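1. Test case, fold it:
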Amino acid sequence: MERFERQEHLLLRLVEHICVQDDKVEMIALVRRHFQGIYLRIANEHIDRRKAAASMYSLCRMHQVNCKDIIYAFATFAGIKLK
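-> Modelled structure (predicted):
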């Protein structure tokens, strides 16, 4: 989990320094959405309901929830590992 958090932080810093102001907001949203999906799948792998809830909350705030995320979240809350 720490490795992915470091990668996310690195990508966000990279976007801040490289992207043009117009693209910066969109690119930051894409990076955050990608890593929240990864965190949700890791939470499912470890059946960690708290981390799954935090990831789903973050995805809902960004209005980026898809069907796959919902399935992973409900499976985690039910205690079922997917994959």
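
2. okay, which residue is most central for the chain?
-> For the chain, the residue nearest the mean C-alpha position is residue 36 (0.4 Å; Cα atoms, centre = their mean).

3. give me phi/psi at that residue?
-> Main-chain torsions, residue 36, degrees, to the nearest 10: phi -70, psi -40.

4. Return the distance of it relative to residue 69.
-> Distance, residue 36 to residue 69, using Cβ to Cβ, to the nearest Å: 8 Å. Placement of C-beta: from N, CA and C, glycine included.

5. Show me the common contact partners of the two, please.
-> Counting by Cβ atoms under 8 Å, 6 or more residues apart in numbering, the residues touching both residue 36 and residue 69 are 55, 59.

6. confidence score at residue 2?
-> Per-residue pLDDT puts residue 2 at 85.

7. Report how many residues lie close to it.
-> Neighbours of residue 2 under the rule other Cβ atoms under 10 Å: 6.

8. Against which helices or strands is the helix or strand of the chain with the lowest mean pLDDT packed?
-> Each helix and strand of the chain was given a mean pLDDT (mean pLDDT, DSSP states H and E); the minimum falls on helix 2-18 at a mean of 89. Here helix 2-18 touches helix 21-45, going by 3 or more Cβ pairs under 8 Å, 6 or more residues apart in numbering; DSSP states H and E.

9. Measure how the helix or strand following the helix it packs on sits relative to helix 21-45, angle-wise.
-> Moving toward the C-terminus from helix 21-45, the next helix or strand (DSSP states H and E) is helix 49-61. On the basis of axes from the mean of the first three to the mean of the last three Cα atoms, to 10 degrees, helix 49-61 is oriented at 150 degrees to helix 21-45.

10. tell me what helix 49-61 is packed against?
-> So helix 49-61, by 3+ Cβ pairs under 8 Å, 6+ apart, packs with helix 21-45, helix 67-78.
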